[in-house]
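Student: for reference, the sequence and a predicted model appear below.
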Amino acid sequence: MEKIIPKHLMPFVAHQYYHCYSPIDHAVWRYVMRQNHHFLEDIAHEAFTSGLKSSGIGIESIPKVSEMNEKLTKIDWGAVIVDGLIPGTAFFDFQAHGILPVATEIRQKTNIEYTPAPDIVHEAAGHAPILFDETYSEFVKLIGSIGANAFATSEEHEVFEATRNLSIVMEKPFSTKEEIDAAKQLLIEKQQAVKGLSEAEQISRIFWWTVEFGLIGDLDNPKIFGAGLLSSVGESKHCLSNAVQKRRFTIEDAKSTSYDVTSMQTQLFVCESFEQLIEEVNKFGDTMAFRTGGTQALDKATASGQVAHIEFNSGIQLTGLFTEVIKNEQEEAIYLKSSSPSTLSIKNIEITGHGIKTHTDGFGVPIGRLATHTALEELSPEVLKSLGIILGAHVDFQYESGIQVTGTITDMKFNQDKLALLSLTECKVWHEDQVLFDPSWGQYDLIIASKVISARPGAADYVSYYGEPPLLTPDDKEKDEDTPLESLYSEVRSLRENHIVDQDKWIQITENTLKDYPEEWLLLLEILEIIEVHSIQTDYKRILLDHLKTLCADDRYVRLIKNGLEVVYGKKDVLI
């Protein structure tokens with residue numbers, strides 16, 4: 001059954017524009033996939049190599065996400081197209097729902113070994129295949145559900161924007177060194193402004209050192225399972241060398257170790273099994289605001305600078321931008337304020353009459369028991385009636401915290417026979433000398449709450465807070481005409497796929513490439529491959545090898561060419 005995309009994730013869904021991929025894009029895909037099939041068979045976790053076949057992801061051309069989605073539905077997963085780097089909560093939430101977010105841009109040929117920007121090589125070739133392992137799939141959904149509920153700080157949101165900017169700049173084909181350096185410097189400055197270690201940063205690090213760059217098994221001879229390694233020609237060969245330190249995975253070590261998205265890793269973690277990851281990540285989730293509640297949860301929601309929702313033990317959920325937590329001498333929260341339009345919900349459904357049009361200017365709620373140590377949400381309707389808490393009655397509540405609330409009851413709302421909300425007129429709320437609500441401000445809605453049991457990013461009822469998400473527009477993007485270089489790539493692809501052995505044609509393409517594009521190592525490799533596959537007798541085989549050997553004097557090309565030749569000939573050191 002095809003996965004249904006939750007409405008709150010729809011704003012991140014995009015088109016693939018498959019017709020806009022260039023012949024060079026497909027050549028980049030083919031190069032990486034041939035490298036992966038050749039090099040990863042013995043060093044990747046067996047779940048990846050078997051999943052690569054089950055996923056139906058081919059070697060010759062970039063996959064269509066719609067076809068990936070069909071394959072993934074067989075294992076209770078799906079795939080959806082997203083536009084590049086998306087916010088962490090959305091990225092994790094897709095995976096929590098068993099949906100693989102796929103950025104459909106593809107890396108430039110200059111970044112063929114590694115790119116910090118999300119691309120379809122990374123998503124399709126790295127993430128998708130190993131999801132066919134049931135235990136690993138369970139782990140990814142688990143870390144997704146935990147990450148979707150992780151709070152970041154306002155400073156970290158700025159780091160995300162700077163990271164997004166850097167990935168875009170690095171993938172633009174015409175970005176100058178000055179532009180790249182400026183983007184890197186901006187990211188460094190934003191990172192330096194971050195104080196402390198938020199939930200979002202911790203789960204991001206855990207995800208990085210497992211799902212993205214994880215090793216598994218024996219510390220001295222581990223296997224690869226991280227998508228960042230599986231999708232990177234350079235990283236997959238580099239990661240098992242002595243140049244990379246291997247450390248035994250612990251959740252504490254992983255969440256305490258930062259990472260650099262712009263370069264290859266210098267150290268990696270090795271876990272024992274996917275079962276270990278499930279156990280450890282679940283324990284980490286127990287420390288987070290969405291499971292612990294309490295004052296610390298409110299502090300995290302306030303520090304995020306983003307819309308969040310708080311759930312109280314009466315079942316009421318308050319959505320808004322939280323700006324102030326009033327505390328007692330023991331530093332425990334006694335009153336919570338939001339400063340933006342707010343909504344009230346139960347079980348993620350807005351309570352009728354309590355949307356953003358009603359609570360336009362924010363909301364305030366006292367937290368705790370009454371001075372008599374009474375928790376109103378624990379009392380039955382009969383007991384409430386015996387205490388005079390009925391429609392039309394005047395109430396005067398004094399809380400253990402010293403907060404006082406007076407007013408006349410005009411409405412009462414229950415959650416499974418437990419009092420959840422009182423609406424009051426002529427209401428005043430104050431604490432010592434501070435007025436928290438004045439009768440002239442209108443109706444006061446008193447959330448019945450002696451405890452905060454959870455805090456999560458985002459709105460409890462997305463549609464009621466933000467409205468219906470926009471519909472995806474039709475796929476009408478036009479493709480640019482092929483450049484002369486792209487046309488050469490296209491000719492080579494057509495001749496190869498149609499098994500056309502036309503020696504004159506190959507000589508013409510070879511001569512044009514050597515003359516007009518002497519540094520096009522990838523195209524030259526594809527031509528050489530055809531000559532070798534069809535045993536074409538031509539002096540150009542030696543000419544091409546000599547030319548590629550010359551290009552290997554440039555550090556930019558040496559690994560790429562040698563890796564490519566190793567695939568073509570099935571052996572190392574072809575040029576030596």
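Tutor: On my side now, so go ahead.
Student: where does the stretch 1-150 of the chain have low pLDDT?
Tutor: For the stretch 1-150 of the chain, applying pLDDT under 70 flags the ranges 1, 116.
Student: the stretch 351-500 of the chain: strands as residue ranges?
Tutor: Along the stretch 351-500 of the chain, the segments classed as strands by DSSP state E, counting those that start in this stretch run 363-366, 394-398, 403-415, 418-431, 434-437, 444-447, 452-457.
Student: can you tell me how far Ser386 is from Leu379?
Tutor: Distance, Ser386 to Leu379, by Cβ to Cβ, to the nearest Å: 9 Å. In this view, the C-beta of every residue, glycine as well, is placed from N, C-alpha and C.
Student: in the chain, what residue sits furthest out from the centroid?
Tutor: Ser386 (52.3 Å; Cα atoms, centre = their mean).
Student: show the contacting residues for that residue.
Tutor: Residues near Ser386 by Cβ atoms under 8 Å, 6 or more residues apart in numbering: none.
Student: and it, how far is that from Asp260?
Tutor: In terms of Cβ to Cβ, Ser386 sits 65 Å off from Asp260.
Student: over to the spatially most central residue of the chain. Which of the three states is it?
Tutor: Nearest to the mean C-alpha position of the chain, counting by Cα atoms, centre = their mean, stands Phe91 at 2.8 Å. Put simply, Phe91 is helix when judged by DSSP: H, G, I helix; E, B strand; the rest coil.
Student: Ala103 is in contact with that one, correct?
Tutor: No: taking contacts as Cβ atoms under 8 Å, Phe91 lies outside contact range of Ala103: 10.1 Å.
Student: give the contact list for Arg400.
Tutor: Not quite, residue 400 is Glu, not Arg. Counted by Cβ under 8 Å, 6+ apart, Glu400 has contacts Gly368, Arg369, Leu370, Ala371, His373.
Student: follow-up on the earlier one: contact partners for the nearest residue to the residue nearest to the centre of the chain once chain neighbours are set aside?
Tutor: Distances taken as Cβ to Cβ, 6 or more residues apart in numbering place Pro101 nearest to Phe91, at 6.0 Å, with adjacent residues excluded. Contacts for Pro101 (Cβ under 8 Å, 6+ apart) come out as Phe12, Val80, Val82, Ile86, Ala90, Phe91, Phe94, Gln95, Glu123.
Student: who does the helix or strand where Pro101 lies pair up with?
Tutor: According to DSSP states H and E, Pro101 maps onto strand 99-103. Here strand 99-103 has these sheet partners by DSSP bridges: strand 78-82 (parallel).
Student: distance check, the spatially closest residue to Ala128 that is not a sequence neighbour against Lys74.
Tutor: Leaving aside its sequence neighbours, Ala128 sits nearest to Ser55 (Cβ to Cβ, 6+ apart; 5.1 Å). To Lys74, Ser55 is 10 Å away according to Cβ to Cβ.
Student: let me see the backbone angles for Gly402.
Tutor: Dihedral angles phi and psi of Gly402 (degrees, to the nearest 10) take the values phi 100, psi -10.
Student: where exactly do the helices run in the stretch 101-250 of the chain?
Tutor: 120, 134-147, 154-171, 177-192, 199-207, 227-230, 233-238 (DSSP state H, counting those that start in this stretch).
Student: return the most buried member of those.
Tutor: helix 227-230 (a mean of 26; mean count of other Cβ atoms under 10 Å).
Student: what is it packed up against?
Tutor: Applying 3 or more Cβ pairs under 8 Å, 6 or more residues apart in numbering; DSSP states H and E, we find helix 227-230 packed against helix 233-238.
Student: walk me through the domains of the protein.
Tutor: What automatic domain parsing lists as the domains of the chain is 7-153+196-283, 154-195, 289-466, 484-569.
Student: so which of those comes closest to Thr473?
Tutor: Proximity to Thr473 (Cβ to Cβ) singles out domain 7-153+196-283 among the domains of the chain, at 8.0 Å.
Student: what is the end-to-end distance of that closest one?
Tutor: End-to-end span of domain 7-153+196-283 (Cα to Cα, to the nearest Å): 29 Å.
Student: and for stretch 447-457?
Tutor: Terminal residues of stretch 447-457 lie 20 Å apart, using Cα to Cα.
Student: please report the number of neighbouring residues for the residue nearest to Ala128.
Tutor: Using other Cβ atoms under 10 Å, the number of residues around Ser55 comes to 26.
Student: which residues does the strand or helix carrying Lys255 contact?
Tutor: Element membership for Lys255 (DSSP H and E) is helix 251-256. Helix 251-256 has contacts (Cβ under 8 Å, 6+ apart) with 197, 202-203, 205-206, 209-210, 247, 269, 280-281, 283-284.
Student: chain neighbours aside, what residue packs nearest to Ser232?
Tutor: Distances taken as Cβ to Cβ, 6+ apart place Tyr114 nearest to Ser232, at 4.8 Å, with adjacent residues excluded.
Student: surely the one you found and Gly234 touch.
Tutor: Yes: shown here, Tyr114 and Gly234 form a contact pair, counting by Cβ under 8 Å, at 5.1 Å.
Student: look up which residues are beta-bridged to the residue nearest to Phe91.
Tutor: Going by DSSP bridges, Pro101 is paired in beta bridges with Val80.
Student: circling back to that earlier point, can you put the contacts of Glu400 in a markdown table and add distance to Thr473 and pLDDT?
Tutor: Conversion of the contacts of Glu400 to a markdown table gives the following (distance: Cβ to Cβ, whole Å; pLDDT from 0 to 100):
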| residue | distance to Thr473 | pLDDT |
| --- | --- | --- |
| Gly368 | 50 | 97 |
| Arg369 | 53 | 97 |
| Leu370 | 54 | 97 |
| Ala371 | 58 | 96 |
| His373 | 58 | 95 |
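Student: of the residues you listed, which is the most crowded?
Tutor: Within the contacts of Glu400, most neighbours by other Cβ under 10 Å means Gly368, with 19 neighbours.
Student: in this structure it contacts Ser401, no?
Tutor: Yes: at 5.0 Å, Gly368 counts as touching Ser401 under the criterion of Cβ under 8 Å.
Student: which of the helices of the stretch 101-250 of the chain sits closest to Ala449?
Tutor: Checking those against Ala449 by Cβ to Cβ gives helix 199-207 as the closest, at 22.5 Å.
Student: and the closest one with strand 452-457, angle?
Tutor: 70 degrees (axes from the mean of the first three to the mean of the last three Cα atoms, to 10 degrees).
Student: and the angle for helix 199-207 with helix 134-147?
Tutor: Angle of helix 199-207 versus helix 134-147, following the same axes, to 10 degrees, is 160 degrees.
Student: thank you kindly, that will do.
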